[in-house]
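Peer 1: Next come a sequence and a model predicted from it.
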Amino acid sequence: MKMKWTVALIAIFLASWIGVAQQTVPFQGNIPVAPTGLANRPLPKLPMEFDTGEGQRIRVSVVARGLTFPWSMTFLPDGSMLVTERTGKLRIIRNGALDPQPIAGVPASRYAGRSGDPGAVHGLMDIALHPQFAQNQLVYLSYTKSLDANRGTNAVARGRWDGKALTDVRDIFVAQGTGNGLGAARIAFGRDGMLYMTNGGNDPQDPKNHGGKLLRLRDDGTVPPDNPFVGREGYKPEIFSMGHRTSLGLAIHPGTGEVWQNENGPNGGDEINIIRAGRNYGWPIVSFGRTYPGPWQAERPTHEKFETPVVFWMPSIAVSGMTFYTGSKLSKWKGDVFVGSLRTGEIPGTGHLERILFNEKMEELRRESLLVELRQRIRDVRQGPDELLYVLTDAEDGAVLKIEPVQ
């Protein structure tokens, strides 16, 4: 009898302890309010040197700063760098110096909210050069286009670079059915010469609109005749794949030419996917993540009707820009995939750069978190023509950083 009473008292104590120990987390719009203990830290004084897992010691330095929420970057043949800002400006960095004057000719974009805030509208987003840029000087921009005072959608504009400004700028594609245009839109040219576009928004399982799809376009914005749903009733012909959540990363595999895409899960379940024509990637029916209040998004994380990611994260790292490293300057990282992180585990101030090593079958072997000490939101990562890595910090005083080996 004494043993039974002891067990009962312990159970009552544990129940009482658990009840008082568990914190009540405030919510806003069904999303937990993020803690601020590590948030909004300024960029530390650079350069800094770091040891890394593969024995690749690196130096991180500032190329340019003073950018307002930079989103994407690309390199011109002369080595100059074009950088987009969410606020609607296109900037150029020449010989390591940021030109104080924005580039003229950029289409007006709809922008609202600070980066990372719920409901923020992306504004001016990605930039890509035409595969034959040296001959035609064509530049492509994805941006949030206003439809009226309260609504927007994603669009792609094309203009011609004259060395100082964009000319003959016009929309070549405007998405339909993306809700309020809150989703992101990365763009990249494939080995087939087609323009691939990620498109956020609502209804990723509805083939009658572009929301939550990856799209495939000709370089003039028209539909390629070999797209998987061309001529199929009830399907938008631009759709290449379906079932995607917010996608902030898009890269072409340098060996196979496959389209690799990453997307943010809810609370957990960020993914990297290899895109196959006509396939469905499952959102919101399947996911490795939890809903923001805590329950799992789906009873099963995947099943045979949907494609399984090649990499996933639990907890989320808020995946952003993505690139394959093919150079020799950072030789121990050759062939690795790099992904930006905006924050880890829903805690602001924990962004970093993630490195993923694959085997020859592109199966994941290991990961490494880099630049954690900087406590910055990493929005994009690109390999430069000098075979070094460049990253963008997503901040009101944003910067372009360079990663190089320490000799």
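Peer 2: Noted; the coordinates are in hand.
Peer 1: ok, and the helix or strand in the chain with the lowest average confidence?
Peer 2: helix 2-21 (a mean of 56; mean pLDDT, DSSP states H and E).
Peer 1: Next SSE downstream of that helix?
Peer 2: Beyond helix 2-21 on the C-terminal side, the first helix or strand identified by DSSP states H and E is strand 27-28.
Peer 1: now that next one: how far from the chain's centre is it?
Peer 2: Strand 27-28 sits 24 Å away from the centroid of its parent chain (CA atoms, centre = their mean, to the nearest Å).
Peer 1: What strands line up against it, and which way round?
Peer 2: Here strand 27-28 is paired, per DSSP bridges, with strand 31-32 (antiparallel).
Peer 1: Contacts for the partner strand, please.
Peer 2: Here strand 31-32 makes contact (CB atoms under 8 Å, 6 or more residues apart in numbering) with V25, P26, P118, Y292, P293, E346. Heads up, the C-betas are built off the backbone N, CA and C, glycines and all.
Peer 1: so how far is it from its chain's centroid?
Peer 2: The answer for strand 31-32 is 21 Å, by CA atoms, centre = their mean.
Peer 1: same check, this time on stretch 72-82
Peer 2: With CA atoms, centre = their mean, you get 19 Å for stretch 72-82.
Peer 1: now the end-to-end length of it.
Peer 2: Criterion CA to CA, to the nearest Å; first-to-last residue distance in stretch 72-82 is 8 Å.
Peer 1: any idea of the mean pLDDT in it?
Peer 2: For stretch 72-82, mean pLDDT is 97.
Peer 1: List the buried residues for that stretch?
Peer 2: Along stretch 72-82, these residues count as buried under the neighbour rule (16 or more other CB atoms under 10 Å): S72, M73, T74, F75, L76, M81, L82.
Peer 1: Same question for stretch 257-277.
Peer 2: 259-275.
Peer 1: try stretch 333-349
Peer 2: Going by neighbour count (16+ other CB under 10 Å), the buried part of stretch 333-349 is 333, 336-344, 346, 348-349.
Peer 1: Over to stretch 320-332?
Peer 2: Residues S320, G321, M322, T323, F324, Y325, K329, L330 are the ones in stretch 320-332 that count as buried (16+ other CB under 10 Å).
Peer 1: Closest one of the residues you listed to G255?
Peer 2: Closest approach between the buried residues of stretch 320-332 and G255, by CB to CB: F324, at 8.6 Å.
Peer 1: What ranges does the chain have for its helices?
Peer 2: Here the chain has its helices, by DSSP state H, at 2-21, 133-136.
Peer 1: Can you give the contact residues for the shortest one?
Peer 2: Applying CB under 8 Å, 6+ apart, the contact partners of helix 133-136 are P77, H130, V139, R160, W161.
Peer 1: Quick check: the two most widely separated of those residues?
Peer 2: Most distant of these, by CB to CB, are P77 and R160, 14.8 Å apart.
Peer 1: circling back: what is the nearest of the buried residues of stretch 320-332 to G37?
Peer 2: For the buried residues of stretch 320-332, the nearest to G37 is S320 (22.2 Å; CB to CB).
Peer 1: Could you list the buried residues of stretch 90-109?
Peer 2: For stretch 90-109, a neighbour-count test (16+ other CB under 10 Å) marks L90, R91, I92, I93, L98, I103, G105, V106, P107, S109 as buried.
Peer 1: Return the subset of these lying in strands.
Peer 2: Of the positions in the buried residues of stretch 90-109, L90, R91, I92, I93, L98 sit in strands, assigned by DSSP state E.
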